[in-house]
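Student: Pasting a predicted model and its sequence here:
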Amino acid sequence: MRPLLLAPILLLGSTRLTGSWGVAYPPADTSAPRAPIVYLHGMWATPEDSCPLLAHAATARGFLVCPRGNSPSSPEGRMWTGTYATVAPSVHSALATASALSPGALDRQAAGTLVGYSNGAYFAAEIAMHEPGRWTGLVLLSMRLDLDADRLRAAGIRRVVLAAGNKDGARDSMRSQAERLSAAGLPARFMSLGDVGHELPVPPGIDGTLADALAWVAQP
């Protein structure tokens, strides 16, 4: 299911960068370069309809970059397919372009946070495991996953949040996955996205949850 669209009024005052590579929002505070927060959207979605949902919470902490999926999933939507090798170029291109369009706002050397929704959550974890030291936090939304705590820890991931709506079929699996990761020694927690199914709640419904998730995974 495609995420719900964000009411245009919520975008007032925001600076949005956009192009064929995806969508990005520079940090609210641009007095110093900020670490990247990369969001991989789900199937049938686009950066244009899903990135704004995270913009308010994410730009309070970092530079939000939302790459465009590497494969069509509908006449308008995109998705992620293949392996790390086929997905990573889209992510790296989006980071490079966003940085060039907003000079000095993105710290390309800082360890960042990966966020993924549904189909994008699987590939967010894949990117983390294939880029040691590049990412320290994972926020994975609405997707049944089988994560390897040892591989994530070896790649430098310090904390993982798994989240889903109360009516999402992935909810129980994600809660159990958080418990398994914690039992294996990798700090992880489950968070509810509220009384929704397999969709992202619109702001302000997602703002507090995402802000808490990003703050928690950013801890040492």
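Tutor: Noted; the coordinates are in hand.
Student: What ranges does this structure have for its helices?
Tutor: 47-59, 84-101, 119-130, 149-154, 171-183, 207-217 (DSSP state H).
Student: surely D168 meets H198?
Tutor: Yes. At 4.9 Å, D168 and H198 qualify as touching, with contact defined as Cβ atoms under 8 Å. In this view, the C-beta of every residue, glycine as well, is placed from N, C-alpha and C.
Student: what's the overlap in contacts for these two?
Tutor: By Cβ atoms under 8 Å, 6 or more residues apart in numbering, D168 and H198 have these common neighbours: S142.
Student: before we move on, the earlier item: would you turn the helices of the chain into TSV with distance to A35 and mean neighbour count?
Tutor: Shown next, in TSV, are these (distance: least, Cβ to Cβ, whole Å; neighbours: other Cβ atoms under 10 Å):
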stretch	distance to A35	mean neighbour count
helix 47-59	11	23
helix 84-101	11	18
helix 119-130	14	24
helix 149-154	18	15
helix 171-183	23	17
helix 207-217	10	19
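Student: Which pLDDT value goes with the residue nearest the centre of the chain?
Tutor: The centroid of the chain falls nearest to V115 when counting by Cα atoms, centre = their mean (1.8 Å). At V115, the model reports a pLDDT of 98.
Student: next one: T209
Tutor: Looking at T209, the pLDDT reads 97.
Student: returning to what we had before: now render the helices of the chain as TSV, adding distance to T18.
Tutor: Output for those, formatted as TSV (distance: least, Cβ to Cβ, whole Å):
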stretch	distance to T18
helix 47-59	7
helix 84-101	9
helix 119-130	18
helix 149-154	31
helix 171-183	30
helix 207-217	21
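Student: can you tell which of those is closest to R189?
Tutor: helix 171-183 (5.7 Å; Cβ to Cβ).
Student: same for that closest one, what does it pack against?
Tutor: Packing contacts for helix 171-183, counted by 3 or more Cβ pairs under 8 Å, 6 or more residues apart in numbering; DSSP states H and E, involve helix 149-154, strand 159-164, strand 188-192.
Student: 7 Å instead?
Tutor: strand 159-164, strand 188-192 (3 or more Cβ pairs under 7 Å, 6 or more residues apart in numbering; DSSP states H and E).
Student: Mean pLDDT, mean neighbour count and distance to V87 for those - can I get that in a markdown table?
Tutor: Shown next, in a markdown table, are these (pLDDT from 0 to 100; neighbours: other Cβ atoms under 10 Å; distance: least, Cβ to Cβ, whole Å):
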| stretch | mean pLDDT | mean neighbour count | distance to V87 |
| --- | --- | --- | --- |
| strand 159-164 | 98 | 26 | 19 |
| strand 188-192 | 98 | 19 | 23 |
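Student: Reformat the ones you listed as a markdown table; add distance to R151.
Tutor: Below are the helices and strands packed on helix 171-183 laid out as a markdown table (distance: least, Cβ to Cβ, whole Å):
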| stretch | distance to R151 |
| --- | --- |
| strand 159-164 | 12 |
| strand 188-192 | 14 |
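Student: wait, which of these is closest to F123?
Tutor: Nearest to F123, of all the helices and strands packed on helix 171-183, is strand 159-164, at 15.0 Å by Cβ to Cβ.
Student: contacting residues around that closest one?
Tutor: Outside strand 159-164, the residues that touch it by Cβ atoms under 7 Å, 6 or more residues apart in numbering are 137-142, 152, 170-171, 174, 177-178, 181, 186-193, 209, 213, 216-217, 219.
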